[in-house]
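S.K.: Below: sequence and its predicted model.
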Amino acid sequence: MKINFTLLLLIIVLLISKHTTAQTNKFPSSGAAGIGTTTPNSSSLLEIKSTTKGLLIPRMTQTQRNAIHTPAKGLLIYQTDNNPGFYYYDGSSWNGSAYWKRSGNKIFYNAGNVGIGIAAPAYKLDVSGDINLATGNYLRTSGVRILRDNPSSGDNNVFLGDYTDTSSSPGFRNTAIGSYSMFKNTGAYNTAVGSTSLEFNTTGNSNAAFGEKAMLNNTTGSSNTAVGSGALQGNNDGNNNVAIGFQSLYDNSAEGNVAVGYKALPNSFSSAYETAIGKFALYSEYGGVNNVAIGYEALYSNVNGYNLTGLGTFTNVSTDGLTNSTAVGVSATITASNQVRIGASDISSIGGWANWSNVSDGRIKKNIKENVPGLIFINKLKPVTYNLDLDAADKIIRVPQIKDASGKPVPKTQAELDARKAKGEILYTGFVAQEVEKVAKSLNYDFSGIDAAKNDKDLYGLRYADFVVPLVKAVQELSKMNDEKDSAIQQQNIKINNLQNEIDELKTMIVSNRLTGNSQQSIALSSASLQQNIPNPYNQSTTIKYSLPKIFSSAQIIITDNSGKTIKQIPLSNALQGSINIKAGALASGSYNYSLMVDGKLIDTKKMILSK
């Protein structure tokens, strides 16, 4: 029988194939297997050892992983699709969250907390020890950069916040906290706290900015301090400024300004050496210099005036461009240059414990002339009484309307209205300034007591203390006139006295003739005498001397006027010689006769003149 060799060969292959497929390879029940080693460690089932090759963990898709029939607990595989990474079987399900995962060139861990240097971490990352950032790197939260390490080109800098100081040359000893704070800084010794604070600063040094947008646009300005959102926001190159308050010194570009308060001095583009303390203080200021405003809305309307001082809420100027003036007190308003205003229009009393002193040193006076008019000026003045119309004053001054933060007018309080009403009811005594000015001009007299209005928003005033000088002159003129009159009267009285003496002598002769019948008595009284008073005329006191006989019963001096009416009788004591003193206060001015009477007999009569 002929055998088909090809068919036989095919049968043999099939038999061998069947036997091979059914065969199961088994490791010994004891011992260990080795790959890459002939002496595997007996404590292990499998030892892989190689200096050139590693272990390839089976790579599967998620479908292949799930198709494993009754996987052993702890089986570890690497999944290539869907959520690539390492997965292990915990006995009931596949779990990959407790292991490190890899996605491309990124590795992450999603199984709980990680501790570095700590056995029981309480947070996702719990570190016991120092954390170091390599030079030029950042610490971020939710992708936002919050901390930049100290760049190699800087020194002792601290940057905390997204995009704080992105400059490659950030200077040294700077501190920036807040997103974009010191974004472009290259200066030194700066501190910025708040979003975008000192954002565009470049070479500015020694600045301190606290608040969102504080010193936002500063580039080269130095030695500035800004506290508050928007404080010194527009400052570019101004130096030595201090701003405390929301948008204080907001648009400043000058130096040496100080602003404290909400939007205090916000528009000081070219103003310098200004001081504004209070909400809206110097709010409209743009180009002034050396102004001081303290109080809510103090000097609110000033734009370009300089050397002004406003102390008090609502102190203001009636017009712009004034200089060297001061307003003190609530609502006090400056109306002209070189002026001081104390209090508002409803103030009814200004005073203290001493009079005001004007400088009056002769060493600093020149062109001194005694040309002050007296009576001619005083006699033309018209003293009047009057009441003040405060509404009319406000209309002339055009006092700026007080507004609140929203720009709405603020009505006057009841207390203010009551004070204005009371002020308007006061009856004053004085002069009308325009009439005084007219009188002075008519005499070509440049009278310093007139404070004329300087512009159409200013009011006339009078310096009443200056009226003392022409009043003194008038008194001097009256005194001179009185002295001249007294001199004329004195001369006239002398003439009258002489005539009177002659009459008296005639009277004496007549009386003497009448007494000749009693010669013996006349001889007895011949020792009595009366002397002329000294001084005569007199204006304060005068003395009359007399002599009396050794023996007499009564004696007296009788003073009569020119009509013969007895004015005064003065009894005399026992004395051979004596004197009496007549005071000016006892008699009125004029001429008098005085006579010595002894025992009812007239001894003598004299004339005396009293001139006060």
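M.R.: That came in fine, so what should we check first?
S.K.: Mind giving me the packing neighbours of the helix or strand hosting Tyr546?
M.R.: Here Tyr546 sits within strand 541-547, counting by DSSP states H and E. Other helices and strands packing on strand 541-547, by 3 or more CB pairs under 8 Å, 6 or more residues apart in numbering; DSSP states H and E, are strand 529-530, strand 577-583, strand 601-610. The way it works is simple: take the backbone N, C-alpha and C, and place the C-beta from them, glycine included.
S.K.: mind putting those strands in a markdown table, distance to Val227, mean pLDDT and mean neighbour count included?
M.R.: A markdown table is the format used below for these (distance: least, CB to CB, whole Å; pLDDT from 0 to 100; neighbours: other CB atoms under 10 Å):
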| stretch | distance to Val227 | mean pLDDT | mean neighbour count |
| --- | --- | --- | --- |
| strand 529-530 | 101 | 90 | 18 |
| strand 577-583 | 83 | 87 | 14 |
| strand 601-610 | 86 | 90 | 21 |
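S.K.: Can you redo these as TSV, where the extra columns are distance to Arg463?
M.R.: Listed next are the helices and strands packed on strand 541-547 as TSV, based on distance: least, CB to CB, whole Å:
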stretch	distance to Arg463
strand 529-530	61
strand 577-583	44
strand 601-610	44
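S.K.: Indicate which one of the ones you listed is closest to Asn252.
M.R.: Smallest distance to Asn252 across these (CB to CB): 81.8 Å, for strand 577-583.
S.K.: before we move on, the earlier item: between the helices and strands packed on strand 541-547, which one is nearest to Thr186?
M.R.: strand 577-583 (100.0 Å).
S.K.: what lines up beside the helix or strand following that closest one in the sheet?
M.R.: Toward the C-terminus, strand 577-583 is succeeded by strand 590-598 as the next helix or strand (DSSP H and E). When pairs are called by DSSP bridges, strand 590-598 turns out to pair with strand 555-560 (antiparallel), strand 601-610 (antiparallel).
S.K.: Could you list the buried residues of strand 590-598?
M.R.: Ser591, Tyr592, Asn593, Tyr594, Ser595, Leu596, Met597, Val598 (16 or more other CB atoms under 10 Å).
S.K.: Surely Lys395 is within a strand?
M.R.: No. Judged by DSSP: H, G, I helix; E, B strand; the rest coil, Lys395 forms no part of a strand; its state is helix.
S.K.: Can you give me the neighbour number for the closest residue to Ile567 other than its chain neighbours?
M.R.: Counting by CB to CB, 6 or more residues apart in numbering, Ile567 lies nearest to Ile559, which is 4.7 Å off, once chain neighbours are set aside. By other CB atoms under 10 Å, the residues close to Ile559 number 19.
S.K.: what do you get for Glu255?
M.R.: 18.
S.K.: again, but for the one 4 residues further on
M.R.: The number of residues packed around Ala259, counting by other CB under 10 Å, is 33.
S.K.: Contacts only, for it.
M.R.: Applying CB atoms under 8 Å, 6 or more residues apart in numbering to Ala259 gives the contacts 241-245, 248-249, 265-266, 268, 274-277, 281-282.
S.K.: And the residue nearest the centre of this structure?
M.R.: Closest residue to the average C-alpha location of the chain: Ile294 at 2.4 Å, with CA atoms, centre = their mean.
S.K.: tell me the contacts of the spatially closest residue to that residue that is not a sequence neighbour?
M.R.: Closest residue in space to Ile294, ignoring its immediate chain neighbours: Ile277 at 4.6 Å, by CB to CB, 6+ apart. Neighbour list for Ile277: Val258, Ala259, Val260, Gly261, Ala264, Ala293, Ile294, Gly295, Ala298 [criterion: CB under 8 Å, 6+ apart].
S.K.: remind me which residues of the protein are low pLDDT?
M.R.: 1-29, 55-58, 96-104, 107-111, 133-154, 164-168, 405, 509-525, 574-575 (pLDDT under 70).
S.K.: Which elements pack onto the top helix by length along it?
M.R.: Among the segments of the chain that qualify as a helix by DSSP state H, the longest is helix 468-514. Using 3+ CB pairs under 8 Å, 6+ apart, the elements in contact with helix 468-514 are helix 375-378, strand 590-598, strand 601-610.
S.K.: What are the boundaries of the helices in this protein?
M.R.: Under DSSP H, the chain gives helices at 5-22, 62-66, 375-378, 390-397, 414-425, 433-442, 468-514, 519-525.
S.K.: Of those helices, which stretch is the most buried?
M.R.: Ranked by mean neighbour count, those are led by helix 375-378 with a mean of 17 (mean count of other CB atoms under 10 Å).
S.K.: Please work out which residues outside that one touch it.
M.R.: Val439, Ala440, Leu443, Tyr445, Phe447, Pro470, Leu471, Lys473, Ala474, Glu477, Leu478.
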